[in-house]
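Give me the fold of what follows.
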Amino acid sequence: MRIVDFLDKSASKRAQEICLIDDQGRRTWSQVQATSHRLAHALLAHGIGPKSKVAILAPNSARVIECILGLLRANCVWVPIDSNSSLEELALLLKRTEADVLLCSSGLGPQAEHVRRQ
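Residues are numbered from 1 along each chain as shown. Next up, the predicted model:
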């Protein structure tokens with residue numbers, strides 16, 4: 001069973017129960033499922049799909065978990081990166097992994113732009 005299959009099965013059984021908690025709030029199984037579906041559809045609509053390598057630049061949070069689930073749902077490859085790394089380390093990692101896409105949280109836009117230009 002794929003992790004997104006587990007998510008879907010759990011969402012069908014306990015839709016309104018809490019699935020993820022972080023310092024910004026709580027997310028139910030149905031909310032996590034819906035967010036992962038939206039991201040997967042958005043990625044696929046932009047030609048990012050199976051085997052595309054996608055990195056996420058964001059502080060650890062429930063939103064990152066939802067993004068990872070969306071990537072997996074679209075059959076993308078998740079490239080784990082540490083948002084606490086230096087800009088030079090991030091640029092090198094993205095180059096070495098040949099990441100196709102970098103998703104970032106709105107607060108890290110300037111860092112993502114700097115890394116993109118490297």
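
Just the residues contacting stretch 8-15, thanks.
Met1, Cys19, Thr28, Trp29, Ser30, Val32, Gln33 (Cβ atoms under 8 Å, 6 or more residues apart in numbering). Backbone N, C-alpha and C define where each C-beta goes, glycine included.

residues touching the closest residue to Asp22 other than its chain neighbours, list them.
Among residues not flanking Asp22 along the chain, Ala62 sits closest, at 4.3 Å (Cβ to Cβ, 6 or more residues apart in numbering). Ala62 sits next to Leu20, Ile21, Asp22, Gln24, Gly25, Arg27, Val32 when contact means Cβ under 8 Å, 6+ apart.

what's the longest helix in this structure?
helix 29-45 (DSSP state H).

between whatever helix or strand comes next after it and helix 29-45, how big is the angle?
Counting by DSSP states H and E, the element after helix 29-45 in chain order, helix or strand, is strand 53-57. Using axes from the mean of the first three to the mean of the last three Cα atoms, to 10 degrees, the direction of strand 53-57 lies 130 degrees away from that of helix 29-45.

Identify the neighbouring strands of strand 53-57 in the sheet and state each direction.
Sheet pairing here is set by DSSP bridges, and for strand 53-57 it gives strand 77-79 (parallel), strand 101-104 (parallel).
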